[in-house]
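> give me a 3D structure for the following:
(one chain, ligands or ions: 1)
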Amino acid sequence: MTKKNSQKKGNSKEDKLLAHTEDGKDQFLTTNQGVRVNDNQNSLKAGERGPSLLEDFILREKITHFDHERIPERIVHARGAGAHGVFKLYDSLSKYTKAGFLTDTARETSVFVRFSTVAGSRGSTDLARDVRGFAVKFYTDEGVFDLVGNNIPVFFIQDAMKFPDLIHAVKPEPHNEIPQAASAHDTFWDFVSLMPESAHMVLWTMSDRAIPRSFRMMEGFGVHTFRLVNEEGKSTFVKFHWKPLLGMHSVAWDEAQKISGRDPDFHRRDLWEAIESGDFPEWELGVQLIDEADEHKFPFDLLDPTKIVPEELVPVQKVGKLTLNRNPDNFFAETEQVAFHPGHVVPGIDFTNDPLLQGRLFSYTDTQLSRLGSPNFHEIPINRSIAPVHNNQRDGHMRQTINKGVTSYQPNSLGGGCPYQAMIADGGFSSYPERIDANKVRDRSESFSDHFSQATLFYNSQSAYEQQHIIEAYSFELSKVNYPHIRKRVLGLLSAIDKSLATAVASYLGMEVPEELEKPINEGIPADADKSKYEPRQVKQKSATSPALSMANTIKDSIATRKIAFLLANGADADELTTVKKALEEAGAVVEVIAPRIGDIPLSEGTTTAKHSFLTASSVLFDAVFIPGGKSSIESLKAEPDALLFVNEAYRHCKAIALSGDAKDFLSATSLANAKEDPGLIVQQNDLGTLAKHFIKAISQHRVWERETKRKVPA
Ligand code: HDE
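Sure thing, here's the model as predicted:
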């Protein structure tokens, strides 16, 4: 056997498949010391039926390594999925920053992105109602820059001091470790109901933003205000945004819960499959730029991470594109070991005094020490800078670098003074010299105390169906809270956001909206505080609505990568199937056939292959459903309860459903017997071209949410 393993890995599917197996391809099995193994099936024993021998170094090495395969999962954001990609700038931002990847339009900067949920454990479901992490590592020529953001632009708390409390409250309760990956429990609502500063973010997490259809269809935000710093040392405040090219879309809450059972890897799989099939996910990087002179011109504080800068006040300029084009080769080595840190910045990017950001600047290195176990985590391949690393840091667990020479100190003459400090002109990082003239205090600025205006702005900006989803989300969560006094406190906070919201939630709970905020509403204030300063208040914000906050206003112009279920059985009409399939595929959708069994299914002419049966498929895993005609096929489907459930459920979740030819008859067996056609329920006997056109239009609209109020269907 020879080593044939040196061919360069490309990006084709075959290369990827090879890459997944190449570890052992054409190689002998060896121990970690390189000794070839002759028997990987049996341990060394004293006789065939005798005891195992301690001498068996092969068994001991294998088992010892296995025993230590797990590392501590992330305390937050444990569940995630990652991908490699590139970032390309449209126009230079050199007026504002000297960061090379934001000024040089000829550059293509490599990135690694990890998406995550926050509260659940590493094995938890992707579809929990939760914030999603959106962390991007840019491997720039000047060093690593991490934009460690979320898919929600604000945060629950204003000061890092509260983070452990927040996380302890949302994680499973300590006595019984229930519930997994869910905020619908006593301790979370107890905490947030006592922390009015969380009101804005909680509203976002009760919105459809917290149950995305796909990682590829959600926005990302840097959350904090950062600084850009240009060659002249001038600083400009910046908010970072990621805008998905596929638009922002969510699933229905009932659907999310069912997906969690049918395919807990739904988001992870979706990302993986899109990249494998060449449908590379894309986002545009947006920046909101604010002159230093304008720092105090807003009715909120730029340093307060519970506030957005509405896009109507400061437009988002799109400055570049992120494309994810390669799946990791190994989940553990890359996605699990990647170590993000908001403090990984490059010259041209700097921090503000946002007290949440300031705390994060400590936390992330610290967490890597316990998670990855060594200060050398930067040497793990996924974390390595492509800019050369030279310093006098030495040794530590699992050190990879073999430093040469005798000097590991500075100043030195024995090493010729190397490595030497860089002048600013040579790219040396120098912190923005912000002037501070202040007393050392444990305190918070009064400009942080408007907790409700932007929550009201968010609520007012939602479409009717989005508001209804928010009402139902609060009602769901609070129905799972056991203590009436906690529910009452939440209703008090909701009435400070919007009276109709509070009333609607109260009616689901069979409670009254309290007259006013419960006192003392805020236990979370310092012991000796001037209470009036911490009194939550409302400052009228300029715009009553911000259209950019509603997902209803997102891009809806394509069905690219959408998954369409074709339900059929023996005898389905071949012409109807192929015509509609062709039209959908030409528009970029993915068609999958579901039949009573998998394998080849005879059609009116020829056969088609069913990828799934009703045992493995479910409507919640698809964006839309098509049923071709064919008498015997329709008769079989009518007798199949899972086919009926499939269509009822797709309707309930407001998906596009199309039926051609005599498939119309199928509806009589479902709960849709008397359903009227709507833009997403397309029943067409003859004209397949028109059917396909209407179907594609309906899928591109994502959902017919209006159905939820007009016609309720059991499923
Ligand atoms: Fe994090 N956060 N965080 N966070 N965070 C972590 O770092 C922390 C916050 C975010 O895919 C941890 O490596 C503190 C805001 C993402 O690997 C930890 C505070 C935002 C990820 C940590 C915050 C984030 C993390 C856990 C308040 C949005 C996953 C493991 C002061 C802007 C990154 C780790 C990945 C991960 C601490 C608040 C985003 C413990 C102390 C605000 C996307 O260090």
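> going forward, measure contacts and count neighbours with C-alpha atoms only.
Will do.
> what separates stretch 383-402 from the chain centre, distance-wise?
Relative to its parent chain, stretch 383-402 has a centroid offset of 31 Å by CA atoms, centre = their mean, to the nearest Å.
> give the buried residues for that stretch.
Residues of stretch 383-402 classed as buried by neighbour count (16 or more other CA atoms under 10 Å): Asn383, Arg384, Ser385.
> the residues you listed in helices, which ones?
Assigned to helices by DSSP state H, none of the buried residues of stretch 383-402 qualify.
> so which bits of the stretch 251-400 of the chain are right by the ligand?
Counting by CA under 6 Å from any ligand atom, the residues of the stretch 251-400 of the chain lying close to the ligand are Ala339, Phe340, Leu356, Gly359, Arg360, Ser363, Tyr364, Thr367, Gln368.
> what subset of these is buried?
Ala339, Phe340, Leu356, Arg360, Tyr364, Gln368.
> specify the local secondary structure of the first one.
For Ala339, the secondary-structure state derived from DSSP: H, G, I helix; E, B strand; the rest coil is coil.
> surely it touches Gln368?
Yes: counting by CA atoms under 8 Å, Ala339 touches Gln368, with 6.7 Å between them.
> tell me the phi and psi of the spatially closest residue to Glu379 that is not a sequence neighbour?
Distances taken as CA to CA, 6 or more residues apart in numbering place Gln400 nearest to Glu379, at 6.7 Å, with adjacent residues excluded. Gln400 adopts backbone torsions of phi -100, psi -40, taken as degrees, to the nearest 10.
> what pLDDT is listed against Gln400?
The confidence metric pLDDT takes the value 96 at Gln400.
> and the single nearest residue of the stretch 201-350 of the chain relative to the ligand, how far from Val505?
Using CA to the nearest ligand atom, the single residue of the stretch 201-350 of the chain nearest to the ligand is Val223, 4.8 Å away. Remark: distance between Val223 and Val505 (CA to CA, to the nearest Å) = 29 Å.
> and those two? Which one has more around it.
Neighbour tally, Val223 and Val505, criterion other CA atoms under 10 Å: the higher count belongs to Val505, 27 against 24.
> what packs against the helix or strand where that one lies?
Element membership of Val505, judged by DSSP states H and E, is helix 499-509. When contacts are defined as 3 or more CA pairs under 8 Å, 6 or more residues apart in numbering; DSSP states H and E, helix 499-509 sits against helix 464-479, helix 484-497.
> can you tell me which of those helices is packed in deepest?
Greatest average neighbour count among the helices and strands packed on helix 499-509 goes to helix 484-497 (a mean of 23), per mean count of other CA atoms under 10 Å.
> what angle do that one and helix 499-509 make?
160 degrees (axes from the mean of the first three to the mean of the last three CA atoms, to 10 degrees).
> alpha carbons only: can I get helix 484-497 in PDB?
Only the C-alpha atoms of helix 484-497 are listed here, as PDB (Å, rounded to 0.1, in the frame of the first residue of the first chain):
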ATOM      1  CA  PRO A 484     -49.200  34.600  39.600                       C
ATOM      2  CA  HIS A 485     -47.100  37.400  41.200                       C
ATOM      3  CA  ILE A 486     -44.400  37.000  38.500                       C
ATOM      4  CA  ARG A 487     -47.000  37.000  35.700                       C
ATOM      5  CA  LYS A 488     -48.600  40.100  37.200                       C
ATOM      6  CA  ARG A 489     -45.300  41.900  37.300                       C
ATOM      7  CA  VAL A 490     -44.700  41.000  33.600                       C
ATOM      8  CA  LEU A 491     -48.200  42.400  32.700                       C
ATOM      9  CA  GLY A 492     -47.200  45.600  34.500                       C
ATOM     10  CA  LEU A 493     -44.100  45.900  32.300                       C
ATOM     11  CA  LEU A 494     -46.100  45.100  29.200                       C
ATOM     12  CA  SER A 495     -48.600  47.900  30.000                       C
ATOM     13  CA  ALA A 496     -45.700  50.300  30.100                       C
ATOM     14  CA  ILE A 497     -44.900  49.200  26.500                       C
END
